[in-house]
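Chemist: Next input, structure requested:
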Amino acid sequence: MSEINIPNAPAHLKKLLQELPKQTGGFEVSQHFHQPEANEWYSGWSGGDCGPYNTAEEALYGGIRWLNRIYEEAAKERDEYLAELQELRKQLDGDHLPPEWKRAFNP
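Modeler: Residues are numbered from 1 along each chain as shown. As a prediction, this is how the structure comes out:
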């Protein structure tokens, strides 16, 4: 990972950028490993999933937006699955199934 140089950044932002990979399981803001360009920054896991951005600040902001979008999509899918499961449970309660079958769906 390239050294992140944000001259006017507050100390807490610089510390966050250094701690980011440990705190997030590898999420980082970086430049291209072999050919770093001053205005090409990426964010994500293992070399970057988002970018290029012009600055490290933009890459961090873009990466946070990207993570938030992934979280929102996953939350939406989870809610859809929970609604589907709830509907299946209603159907099971209405049916006259043997108790052992109902226990399988209502642990």
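Chemist: Distance of the most centrally placed residue in the chain relative to Cys50?
Modeler: Residue closest to the mean C-alpha point of the chain, counted by C-alpha atoms, centre = their mean, is Leu67 at 3.6 Å. Distance of Leu67 to Cys50, computed by C-beta to C-beta, to the nearest Å: 9 Å. All C-beta atoms are positioned from the backbone trio N, CA, C, and that covers glycine.
Chemist: What is the longest helix that the chain contains packed up against?
Modeler: Ranked by residue count and defined by DSSP state H, the top helix of the chain is helix 56-94. Using 3 or more C-beta pairs under 8 Å, 6 or more residues apart in numbering; DSSP states H and E, the elements in contact with helix 56-94 are strand 28-31, strand 41-44, strand 50-53, helix 99-105.
Chemist: pLDDT below threshold where in this structure?
Modeler: 1-9, 46-48, 94-97, 102, 105-107 (pLDDT under 70).
Chemist: now with 90?
Modeler: 1-51, 55-71, 85-107 (pLDDT under 90).
Chemist: was I right about Leu92 contacting Glu100?
Modeler: No - look at Leu92 against Glu100 with C-beta atoms under 8 Å: they stay out of range, at 12.0 Å.
Chemist: Those two - which one has more neighbours?
Modeler: More crowded of Leu92 and Glu100, by other C-beta atoms under 10 Å: Leu92, with 14 against 7.
Chemist: Look up how far Ile70 lies from the more buried one.
Modeler: With C-beta to C-beta as the criterion, Leu92 and Ile70 are 33 Å apart.
Chemist: same thing with Leu17?
Modeler: From Leu17 to Ile70 the distance is 20 Å (C-beta to C-beta).
Chemist: In terms of neighbours, single out the busier of those two.
Modeler: Higher neighbour count among Leu17 and Ile70: Leu17, with 19 against 11, using other C-beta under 10 Å.
Chemist: What residues sit buried inside the host helix or strand of the more buried one?
Modeler: Element membership of Leu17, judged by DSSP states H and E, is helix 11-23. Neighbour counts over helix 11-23 (16 or more other C-beta atoms under 10 Å) mark 17, 20 as buried.
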